[in-house]
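Enquirer: give me the fold of what follows.
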Amino acid sequence: MKTKRIQSIILVAALTATVVPVNVNAVVKEENFVRVGDFLISEEEGYSYDEGVLSIFDDGEYTIEMVDDVESTSDTIRVDKGVNADINFGDISIDKTTDLGGAAIVIDDATVSFNIIDDAVVKLATGVGPGLVVSDDSTLTVGGNGVLDVEVVAGAAIGGNPYDTGDFGELVINNGTINAESNLRGVGIGGSYTIDSSEAGNGGNVIVNDGTVNIKVSDGVAIGGMSTDDDYADAGDGGKLTVNGGTINAEVNTGTAIGGGYSLNGSAGDGAEIIINGGCVDAKNVLCGGAIGGGYSQSGNGGNGGSLVVNGGEFTADAFVGATIGGGISTGGLPGNGVEVEVNDGKVKVTNKFGCAIGAGVFTDSEGNSYPNTNNASFTINGGKVETYSSNGVALACADITVCGGEFEAKSDKNVAFYSEDDKNIELKINPGEDKKIVFEVGVGEGKAEYEGSPFETEYSETGKFENGYCHFVEEDKSTSSGETGGVELKTTAAATVGETTTVNETTIANETTAVVTTTNNVETTKKSSEKTVVSPTKITKLKAKKKAVFVKWKKVKKIAGYQIQYSTKKKFGKAKTVNVKKNKTSITIKKLKKNKRYYVRIRTYILQGEERKYSDWSAAKYKKIK
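Expert: The predicted structure is shown next:
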């Protein structure tokens, strides 16, 4: 009797299997894993699976890999808001290239770590990106010895949430290999397109501690803000990149390798804040744009350059047309302000074919003439080794150039080594007893001007005066040096210009400088110019979003009358509001702001000359999304 009952149950089950279709959402146990769709997952709870989406909704550690007989799937993995999850990946292949706007993996305001086991490969492919979403309030940490490979036809390979602001969150890379490729207009790692608006997302916070990162983008940005081709829409800003180790190879054909996105008719994105403490970074622009800095715009304004600080490691950058490190170029609007560059240690090599190796954004008029914009561009070397070279352009174009240590070479085959606006100076401060070398080499036709400096017994300074677009390098009479730190008494000086011998006798009386210039053709001219008042700038050191408010903290500056702060929901500070702050304060909280709105904040200092205010340049803008 018992045997007949068992046989009946088996028969009913068999018949049922022949007439009832298989539920693709069914959860099936398989050895130590549970099968959900085309995936195997190690846990029995903390997730759900419905209509091709595996959603992790609870904190915990999970291991996910493909079902053995499935090579690739169109399913999606999603980590829900507020979840803190550690995910160990075996081999995974998600292909959604036929799904326009569908992401392979979505991290939505969550904290997630990927451990890619052994030599496993996590391969993600989508049509219009992002392939991997890291929303603006999310953090993704990638480790393990495997490979994360993300390729999209267009858009962001690894980017922000396109259904929200498009802003990118935080990505920390501790090990392994990350490949990110966008074949059309897009970004490798950074901001994303937004579905319901024409805005382009900003780059977030990318930290590389070890491993290898390879990024290749056809048109757009390798790391940073999203580009846009919508009429008069603004592109995304570059965000922040910190490199402590490992290797980054970032390449774009048209756009900026690391920095702001490009825009056709709107304002291009501003450059990134880049800090290199170690490792090796190679940024390359193949056709048009830049390697580091602001995005370019066809008829709008080019993006401002951002900042680059090198404390160690090796950094190389190359561009064909435009500024290799600098503000964004523009063919119809204003070029972006230059990059603030500071090198304290390590090796830096910057090369350029047509344009500027370091410093300025470039404006190109309808006749093809190019004009560098050196505003806010500064270049400081405290140590390390720096080489800048342009075969047909300018090696270095900055408003302020200071060399206090290390080795420095600036060379141009067919143009000038230095360029700045009139009445701007370069300054070289050489500390005694240090092993350093400074070389300026400029070729114009057959003529060439050279200067090479080596260690001296006492500290001295040298300055170069920019007049009529050329750098008149001035070598000081070093016998007048006081020998004290920072103390140099300026006396009669001598200089050589590019292509001809020039002598400059210069004396300073009060605020007026008189220079008598004698050239080889014995034509003598006298030129007077009043020195401009320079107001020391400041910068925002902390910006924190609060409930309908934002906390702003900045660097204290001496000998000023006060600070002025601007804030706006517009990246270019349209309809901005202004707050004046007393000189003894270094922070304020701005209240009565709109919830869920992104606010941009910048600051400048001012002094009083009689009743008139004299302002410094604005600081780099920072932004926060208000709670």
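Enquirer: so where's the stretch 451-600 of the chain shaky on pLDDT?
Expert: Where the stretch 451-600 of the chain drops to pLDDT under 70, the residues are 451-533.
Enquirer: one more pass at 50, please.
Expert: Across the stretch 451-600 of the chain, residues meeting the criterion (pLDDT under 50) sit at 451-531.
Enquirer: residues touching residue 78, list them.
Expert: 53, 54, 55, 56, 105, 106, 108 (C-beta atoms under 8 Å, 6 or more residues apart in numbering). Where you see a C-beta, it was placed from the backbone N, CA and C, and this is true even at glycine.
Enquirer: can you pull the pLDDT of it?
Expert: Residue 78 carries a pLDDT value of 97.
Enquirer: what about the helices in the stretch 1-150 of the chain?
Expert: Taking DSSP state H, counting those that start in this stretch as the criterion, the stretch 1-150 of the chain carries its helices at 2-19.
Enquirer: without its sequence neighbours, what residue ends up closest to residue 563?
Expert: Among residues not flanking residue 563 along the chain, residue 581 sits closest, at 4.4 Å (C-beta to C-beta, 6 or more residues apart in numbering).
Enquirer: ok, the helix or strand hosting the one you found: who's next to it in the sheet?
Expert: Here residue 581, judged by DSSP states H and E, is contained in strand 577-582. Paired with strand 577-582 in the same sheet, following DSSP bridges, are strand 562-568 (antiparallel).
Enquirer: please name the nearest non-neighbouring residue to residue 122.
Expert: For residue 122, the spatially nearest residue (C-beta to C-beta, 6+ apart) is residue 92, at 4.6 Å.
Enquirer: test my guess that the one you found contacts residue 65.
Expert: Yes. Counting by C-beta atoms under 8 Å, residue 92 does reach residue 65; the two are 6.6 Å apart.
Enquirer: shared neighbours, those two?
Expert: Counting by C-beta under 8 Å, 6+ apart, the residues touching both residue 92 and residue 65 are 39, 120.
Enquirer: and these two? Which one has more around it.
Expert: For residue 92 versus residue 65, neighbours defined as other C-beta atoms under 10 Å are more numerous around residue 92 (24 against 18).
Enquirer: ok, that one - contacts?
Expert: 39, 64, 65, 66, 120, 121, 122, 123, 124.
Enquirer: nearest to residue 228, of those residues?
Expert: The shortest gap between residue 228 and any of the contacts of residue 92 belongs to residue 124, at 23.5 Å (C-beta to C-beta).
Enquirer: for residue 95, see how far away that closest one is.
Expert: Distance of residue 124 to residue 95, given as C-beta to C-beta, to the nearest Å: 8 Å.
Enquirer: residue 69 too?
Expert: 16 Å.
Enquirer: and if you look at residue 260?
Expert: Distance, residue 260 to residue 95, by C-beta to C-beta: 31 Å.
Enquirer: quick one: which of the two has more around it?
Expert: Neighbour tally, residue 260 and residue 95, criterion other C-beta under 10 Å: the higher count belongs to residue 260, 43 against 18.
Enquirer: mind pulling up the pLDDT for the closest residue to the more buried one other than its chain neighbours?
Expert: Spatially, and ignoring its direct neighbours in sequence, residue 260 is nearest to residue 269 (2.8 Å; C-beta to C-beta, 6+ apart). Predicted confidence (pLDDT) at residue 269: the value is 84.
Enquirer: tell me the contacts of residue 269?
Expert: Taking C-beta under 8 Å, 6+ apart as the criterion, residue 269 is in contact with 200, 202, 221, 224-227, 234-238, 259-263, 294-295, 303, 328.
Enquirer: just those residues: which are in strands?
Expert: Counting by DSSP state E, the contacts of residue 269 place 221, 224, 259 in strands.
Enquirer: any idea what the last one is bridged to?
Expert: Going back to what we said before, that points to residue 259. Residue 259 forms beta bridges with residue 224, residue 293, as assigned by DSSP bridges.
Enquirer: quick check: it touching residue 238?
Expert: Yes. With contact defined as C-beta under 8 Å, residue 259 and residue 238 form a contacting pair (4.2 Å).
Enquirer: okay, these two: which has more neighbours?
Expert: residue 259 (44 against 35).
Enquirer: who touches the more buried one in this structure?
Expert: With C-beta under 8 Å, 6+ apart as the criterion, the residues that contact residue 259 are 221, 224-225, 238, 269-272, 290, 292-295, 303, 305-306.
Enquirer: let's see it at 7 Å
Expert: The contact partners of residue 259, by C-beta atoms under 7 Å, 6 or more residues apart in numbering, come to 221, 224, 238, 271, 272, 290, 292, 293, 294, 295, 306.
Enquirer: quickly note the distance from it to residue 159.
Expert: To residue 159, residue 259 is 16 Å away according to C-beta to C-beta.
Enquirer: follow-up on the earlier one: specify the local secondary structure of the residue nearest to residue 260.
Expert: Secondary structure, DSSP: H, G, I helix; E, B strand; the rest coil: residue 269 is coil.
Enquirer: backbone phi and psi for it, please?
Expert: Here the main-chain torsion angles of residue 269 (degrees, to the nearest 10) amount to phi -70, psi 150.
Enquirer: 367 is where my numbering starts, stick with that
Expert: From this message on, residue numbering opens at 367, which makes the last subject residue 635.
Enquirer: how near is it to residue 628?
Expert: Using C-beta to C-beta, one gets 8 Å for the distance from residue 635 to residue 628.
Enquirer: cool, and residue 406?
Expert: Applying C-beta to C-beta, the value for residue 406 to residue 628 is 42 Å.
Enquirer: neighbour count: these two, which is higher?
Expert: Taking neighbours as other C-beta under 10 Å, residue 406 and residue 628 compare with residue 628 leading, 37 against 21.
Enquirer: quick check, pLDDT for residue 734.
Expert: 54.
Enquirer: wait, I meant residue 552
Expert: At residue 552, the pLDDT value in this model is 87.
Enquirer: residues contacting it?
Expert: Shown in contact with residue 552 (C-beta under 7 Å, 6+ apart): 495, 518, 520, 521, 522, 583, 586.
Enquirer: what of residue 934?
Expert: By C-beta under 7 Å, 6+ apart, the contact set of residue 934 is 940, 941, 942, 943, 966.
Enquirer: most neighbours of all those residues, which one?
Expert: By neighbour count, taken as other C-beta under 10 Å, the most surrounded of the contacts of residue 934 turns out to be residue 966 (19 neighbours).
Enquirer: ok, residue 505 - contacts?
Expert: For residue 505, the contacting residues are 477, 535, 536, taking C-beta under 7 Å, 6+ apart as the criterion.
Enquirer: sticking with residue 961, tell me its helix or strand.
Expert: Assigned by DSSP H and E, residue 961 belongs to neither a helix nor a strand.
Enquirer: what about it, how many residues nearby?
Expert: Neighbouring residues of residue 961 were enumerated by other C-beta under 10 Å; the total is 9.
Enquirer: may I have the beta-bridge partners of residue 609?
Expert: The partner residues for residue 609, given DSSP bridges, come to residue 574, residue 642.
Enquirer: could you list the low-pLDDT ranges of the stretch 667-816 of the chain?
Expert: Where the stretch 667-816 of the chain drops into low confidence, which here means pLDDT under 50, it does so at 786-804, 806-816.
Enquirer: mind doing that once more with 80?
Expert: When residues are selected by pLDDT under 80, those of the stretch 667-816 of the chain lie in 667-670, 687-689, 692-704, 720-745, 756, 758-816.
Enquirer: who touches both of residue 625 and residue 604?
Expert: 590, 637, 638, 672.
Enquirer: what about the last one, how many residues nearby?
Expert: Counted by other C-beta under 10 Å, the residues lying close to residue 672 total 34.
Enquirer: that one and residue 661, how far apart?
Expert: Taken as C-beta to C-beta, the spacing of residue 672 relative to residue 661 amounts to 10 Å.
Enquirer: please apply the same query to residue 746.
Expert: For residue 746, the distance to residue 661 - C-beta to C-beta - is 24 Å.
Enquirer: export the contacts of residue 552 to CSV and tack on distance to residue 720, pLDDT and secondary structure?
Expert: Converted to CSV, the contacts of residue 552 look like this (distance: C-beta to C-beta, whole Å; pLDDT from 0 to 100; DSSP: H, G, I helix; E, B strand; the rest coil):
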residue, distance to residue 720, pLDDT, secondary structure
495, 31, 78, coil
518, 31, 94, strand
520, 28, 89, strand
521, 30, 89, strand
522, 29, 93, strand
583, 21, 93, strand
586, 21, 86, strand
